[in-house]
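J.: coords below, sequence missing:
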């Protein structure tokens with residue numbers, strides 16, 4: 001291969017990897033060895049269940065994330081999309097790890113104890129508006 005052909009091949013490979021990261025096909029590497037997803041304003045998944053300490057998240061790519069939540073896990077609660085809320089996320093707790101809540105970011109690490117959730121950012125899902133009941137006419 002010539003030098004210019006290698007440059008083109010390297011650029012093409014880098015472009016494909018970058019596109020895969022952007023599309024969510026490859027989990028972005030975290031600080032540790034565990035998988036990490038960062039979606040920004042768009043959710044990367046939905047909490048399927050939380051049975052202390054095990055958190056299960058259904059990821060948008062069809063995979064499932066399972067990790068342990070510890071006292072060191074940083075939980076943030078995002079308030080965007082709620083009319084009464086102001087922008088910045090607040091510190092959350094395990095009470096905010098509710099099935100159905102959207103996951104905006106999750107970062108984990110693998111240790112001897114298994115996969116440990118280091119950080120998670122969730123957003124409450126608005127309760128559906130009640131369906132009006134028709135009033136009987138006489």
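T.: On my side now, so go ahead. Note that the coordinates shown come from a computational prediction; the quantities given were computed from them, not determined experimentally. Residues are numbered from 1 along each chain as shown.
J.: do a quick rundown of the helices in this structure.
T.: 3-23 (DSSP state H).
J.: domain map for it?
T.: Per the record, the chain has its domains at 1-27, 31-123, by automatic domain parsing.
J.: buried residues of stretch 90-107, list them for me.
T.: For stretch 90-107, the neighbour count (16 or more other CB atoms under 10 Å) marks 92, 96-97, 101-107 as buried. Backbone N, C-alpha and C define where each C-beta goes, glycine included.
J.: ok, those vs residue 67, which is closest?
T.: Lowest distance from residue 67 to the buried residues of stretch 90-107 (CB to CB) belongs to residue 106, with 7.9 Å.
J.: residues contacting that closest one?
T.: 36-37, 44-45, 57, 65, 67, 117, 119-121 (CB atoms under 8 Å, 6 or more residues apart in numbering).
J.: now for this structure, the helix or strand with the poorest mean pLDDT.
T.: When each helix and strand of the chain is scored by mean pLDDT, DSSP states H and E, strand 28-29 comes last, with a mean of 40.
J.: where do the strands of this protein begin and end?
T.: 28-29, 35-38, 45-51, 54-59, 64-78, 90-91, 102-111, 114-123 (DSSP state E).
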